[in-house]
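Engineer: 3D model of this:
(2 chains)
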2 protein chains.
Amino acid sequence: MTSMSPNLALNEQVARLRADGRAIVHLGFGESRLPAFGPLVEQLCAGAGRNAYGPVAGSPDALASTAGWFARRGLPTDPDQVMLGPGSKPLLMALNLVLPGDVLLPRPCWNSYAPQARLAGKRVWGVPIPVSCGGIPDPAALRTTIGRARREGGDPRIVVLTLPDNPTGTLAGADLVREVCAVAEAEDLTIVSDEIYRDVMHVPDAPFLSPAEVVPHRTVVTTGLSKSLAVGGWRVGALRVPPGDDAGRRLREGLIGVASDMWSTLSGPLQQVAAYAFADPPEIRARLAASARLHGAVARAVHAAVVAAGAHCRPPTGAFYVYPDFEPVRAALRLRGVNDSASLARHLLDELGLAVLAGHLLGDDPQALRFKAATSMLYGETAEEQEAALGAEDPLALPHVADTLIRVEEGFAKLTA
Amino acid sequence: MTSMSPNLALNEQVARLRADGRAIVHLGFGESRLPAFGPLVEQLCAGAGRNAYGPVAGSPDALASTAGWFARRGLPTDPDQVMLGPGSKPLLMALNLVLPGDVLLPRPCWNSYAPQARLAGKRVWGVPIPVSCGGIPDPAALRTTIGRARREGGDPRIVVLTLPDNPTGTLAGADLVREVCAVAEAEDLTIVSDEIYRDVMHVPDAPFLSPAEVVPHRTVVTTGLSKSLAVGGWRVGALRVPPGDDAGRRLREGLIGVASDMWSTLSGPLQQVAAYAFADPPEIRARLAASARLHGAVARAVHAAVVAAGAHCRPPTGAFYVYPDFEPVRAALRLRGVNDSASLARHLLDELGLAVLAGHLLGDDPQALRFKAATSMLYGETAEEQEAALGAEDPLALPHVADTLIRVEEGFAKLTA
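Structural biologist: Predicted structure coming up:
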């Protein structure tokens, strides 16, 4: 029987530990812990009258806004290429139910890709990520894995990319994206490009190449408001099928068919939120920029902490994660009974009060000393603290942020001291 | 490839026809077309701060309320037996993914049960409904069908009941429920009891026996706010697993596992709505009662119209549907080129401006002259008209309701005149 996805399970475990009085620094859950932005709340309320079932794919205003969102990010899009859903998660699940063939995933990757594929009756192969970044299979390893999968009786037809990446907090550069697109072209793979962190690049106007720009007719893009605008609990996702061809149109019809039997439509008030937010009005652009800057500052501080403790770690440039590898200090960790991914995460939680998500739960090698640390819940416990962090020139100088980061630094330092 | 569920497809078709200037009476969609109740809107807005990911099953306040909702309806329930979702539809889909075995459905039944089962890789067998009511397989036919399914290599393990029923607008009485429960017990079937119309019985305090009262350890109940409180577009559903045993607990864990990978959690603001509405405060009870009374009055009027036109039709007592059978006037219909379910629905839409859902789209015999007429969108076009209908002692006497009903009566009369 399917068990709860490990990130959500850890989140609930941390809530219980805190309720029992344990002081836990929560690095184990990919949530942007910031208040809902006022104008979004206004739209939610203003949309309350949308209590009738609307079109399955989304209401015309929300589809038009979302098409514009993609267009302003380098992907000219017709509203008929877009659909909305209660989060990008069900949209990704619908893709698994509609697209034929088995699935290739970067290793490590977000923890719901593989269970979704298996729920849809698919087989899954993990492909190691490059040294420079995650979210993308190493192109040579991708070719090798496709060959192996076929020898094992599989039919790999889908590859999932995450740009920028959860769990590594990095973005695959243009050259790597092109290389993977070339493999997809040669091997006739559909690319599912999960771009939910698209608006969480730490540096404004950072270069970004979507596979949908390179191989438009074989790329489906998903995104949502959860991460960039800190409304994960509201559940708003969007999807874009390939442009202007019958295959894209048929794919969307298939997805709408599945959606109509799985969830009917995105909640009406949230469609009004989507219509507003995906239109990128100036105050939303400013909120996105402030949020991304904060995510970057804190992610870099946590990166510095794990590196100071002896880990290798790719420097984060997007999203709000770091993915350290403590292999360089394996000997020191062995003295503490830590010798794999599970014992490392357990030791961090039980002994040092740091909740992290063990790498093997993301498909990584269970023997490796790796984990995901989400850095987006360190901005304060109250809405006031969080807003102060968002507005600060130097958020790391705020006492409540600095105090938490000191606990993080001290915790990781103790790990190998 | 899966096509859009036929009720949602028809709803979108009607919207297009109306946009083109066609005057259509929309009897083809099971939506309670009433304004969102003010206190629900207040709760939605008050819940906007729930923008963090909450527990997958639902927040404690919402689970406690929902448990109380079941308890007040004859099913003592612990909050740990409950989970919420974005509509009962995804909860039913999750059941299909978690419960083993193939599926037995009443024939006709709601149009998403069969596609959901097939998406989950299950086989489906339809079982004729009794003469007296729908939403339940005829017990003798159920036994016969189970035998046939097994001979055909199937493994029937699940039977779905709808109490009260969509599409027939009737409620299976206690004796029939007990008979089907006895078959379930003898044949080791899990009962999925879809009670989303539980609060839409036309007569207050009408007798209602849930299979969860008869065979509690093999019955899962689903419900939601969409139908009773006219917020289908908001998407709030709930589910109750069997009480107090390991099997129920394991089932819920499996469902939470699937939910965690399919949709994460019900939108936070809607959890606040659920926490409020499922607590049955007095103003909600009054709204439920007024809504059910209106649904009953209009359903009975449409029933009278189809009977006057020569159809057989079970008198509606719950939900907001009638399901006429025009077999008695087959000869007259043949003169109009109508000789099956599809041509009957097409003729009603194209020639008479009445949108109905053809019976074969609900699993019924394509040769039969049957369809579902939803009667819940005849209360007016504006919120003011709809509220007036809700508040009226005799809604049928309101000009805007009476005018629409005259069009319905005339349309059906012309069918066989």
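
Engineer: Pick out the least confidently modelled helix or strand of chain A, by mean pLDDT.
Structural biologist: helix A:6-19 (a mean of 88; mean pLDDT, DSSP states H and E).

Engineer: C-terminal to that one, what's the next element?
Structural biologist: strand A:25-26 (DSSP states H and E).

Engineer: Kindly calculate the angle that the next helix or strand along the chain from that following strand makes with helix B:38-46.
Structural biologist: The first helix or strand that comes after strand A:25-26 along the chain, using DSSP H and E, is helix A:38-46. Interaxial angle of helix A:38-46 relative to helix B:38-46 (axes from the mean of the first three to the mean of the last three CA atoms, to 10 degrees): 160 degrees.

Engineer: quick check, helix A:38-46 touching chain B?
Structural biologist: Yes. Applying CB under 8 Å from any CB of the partner chain, one finds helix A:38-46 in contact with chain B at A:Leu40, A:Val41, A:Leu44, A:Cys45. Bear in mind the C-beta positions are built from the backbone N, C-alpha and C, glycine included.

Engineer: what distance separates that helix from the middle of the whole chain?
Structural biologist: 25 Å (CA atoms, centre = their mean, to the nearest Å).

Engineer: Report the buried residues of the next helix-or-strand element following it.
Structural biologist: Counting by DSSP H and E, the next helix or strand C-terminal to helix A:38-46 is helix A:60-71. By 16 or more other CB atoms under 10 Å in any protein chain shown, the buried positions in helix A:60-71 come out as A:Asp61, A:Ala62, A:Leu63, A:Ala64, A:Ser65, A:Thr66, A:Ala67, A:Gly68, A:Trp69, A:Phe70.

Engineer: Tell me how far the last one lies from A:Glu185.
Structural biologist: Just to be clear, that refers to A:Phe70. Look at A:Phe70 and A:Glu185: by CB to CB, to the nearest Å, they are 22 Å apart.

Engineer: Same question for the second one.
Structural biologist: A:Ala62 is 32 Å from A:Glu185, where distance means CB to CB.

Engineer: For the stretch 301-417 of chain A, what lies in contact range of chain B?
Structural biologist: Contact residues, the stretch 301-417 of chain A versus chain B (CB under 8 Å from any CB): A:Ala383.

Engineer: Report how many residues lie close to the residue of the stretch 301-417 of chain A found nearest chain B.
Structural biologist: Closest to chain B within the stretch 301-417 of chain A is A:Ala383: 7.8 Å, counting by CB to the nearest CB. For A:Ala383, the count of nearby residues is 12 (other CB atoms under 10 Å in any protein chain shown).

Engineer: Setting aside sequence neighbours, what's the nearest residue to it?
Structural biologist: What sits nearest to A:Ala383 in space, not counting adjacent residues and going by CB to CB, 6 or more residues apart in numbering or on different chains, is A:Pro35, at 4.3 Å.

Engineer: Assign the closest residue to A:Arg33 other than its chain neighbours to helix, strand or coil.
Structural biologist: With sequence-adjacent residues excluded and distances taken as CB to CB, 6+ apart, A:Arg33 is closest to A:Met377, at 4.1 Å. At A:Met377 the chain is in coil, as set by DSSP: H, G, I helix; E, B strand; the rest coil.

Engineer: Could you double-check that A:Met377 lies in contact with A:Phe29?
Structural biologist: Yes. With contacts counted by CB atoms under 8 Å, A:Met377 reaches A:Phe29, the gap being 6.6 Å.

Engineer: tilt between the helix or strand containing A:Ala292 and helix A:38-46?
Structural biologist: With elements taken from DSSP H and E, the one containing A:Ala292 is helix A:282-308. Interaxial angle, helix A:282-308 versus helix A:38-46 (the same axes, to 10 degrees): 120 degrees.

Engineer: So which elements touch helix A:282-308?
Structural biologist: Applying 3 or more CB pairs under 8 Å, 6 or more residues apart in numbering or on different chains; DSSP states H and E, we find helix A:282-308 packed against strand A:321-322, helix A:383-391, helix A:399-416.

Engineer: relative to helix A:383-391, how tilted is it?
Structural biologist: If you take the same axes, to 10 degrees, helix A:282-308 sits at 90 degrees to helix A:383-391.

Engineer: where does A:Thr2 land on pLDDT?
Structural biologist: Listed pLDDT for A:Thr2 reads 61.

Engineer: Please apply the same query to the one 3 residues further on.
Structural biologist: Per-residue pLDDT puts A:Ser5 at 82.

Engineer: pretty sure A:Val98 is in contact with A:Gly254, am I right?
Structural biologist: Yes. With contacts counted by CB under 8 Å, A:Val98 reaches A:Gly254, the gap being 4.1 Å.

Engineer: A:Gly30 contacts A:Val322, correct?
Structural biologist: No. Using CB under 8 Å, A:Gly30 is not in contact with A:Val322, being 11.9 Å away.

Engineer: Those two: who's more crowded?
Structural biologist: Just comparing A:Gly30 and A:Val322: by other CB under 10 Å the higher neighbour count belongs to A:Val322, 30 against 25.

Engineer: mind listing what's buried in stretch A:364-377?
Structural biologist: Here stretch A:364-377 shows A:Asp364, A:Ala368, A:Leu369, A:Arg370, A:Phe371, A:Lys372, A:Ala373, A:Ala374, A:Thr375, A:Ser376, A:Met377 as buried, counting by 16+ other CB under 10 Å.

Engineer: OK, contacts around the fifth one?
Structural biologist: Each residue near A:Phe371 by CB atoms under 8 Å, 6 or more residues apart in numbering or on different chains is listed here: A:Tyr323, A:Pro324, A:Ser341, A:Leu344, A:Ala345, A:Leu348, A:Val356, A:Leu357, A:Ala358, A:Gly359.

Engineer: And the residues you listed, which is closest to B:Ala311?
Structural biologist: A:Leu357 (60.2 Å; CB to CB).

Engineer: pretty sure that closest one is in contact with A:Asp364, am I right?
Structural biologist: No. Counting by CB under 8 Å, A:Leu357 stays clear of A:Asp364, with 10.4 Å between them.

Engineer: Grab the most central residue of chain A for me.
Structural biologist: Most central in chain A under CA atoms, centre = their mean is A:Asn166, positioned 4.4 Å from the mean C-alpha point.

Engineer: burial count for the spatially closest residue to A:Gly268 that is not a sequence neighbour?
Structural biologist: Once flanking residues are discounted, A:Gly268 sits nearest to A:Arg50: 2.7 Å by CB to CB, 6+ apart. By the criterion of other CB under 10 Å, A:Arg50 has 23 neighbours.

Engineer: Please tell me how far A:Arg50 sits from B:His26.
Structural biologist: For A:Arg50 relative to B:His26 (CB to CB), the value is 18 Å.

Engineer: Would you point out which residue of the stretch 101-250 of chain A is nearest chain B?
Structural biologist: Taking CB to the nearest CB, the stretch 101-250 of chain A has A:Gly233 as its residue nearest chain B, at 3.9 Å.
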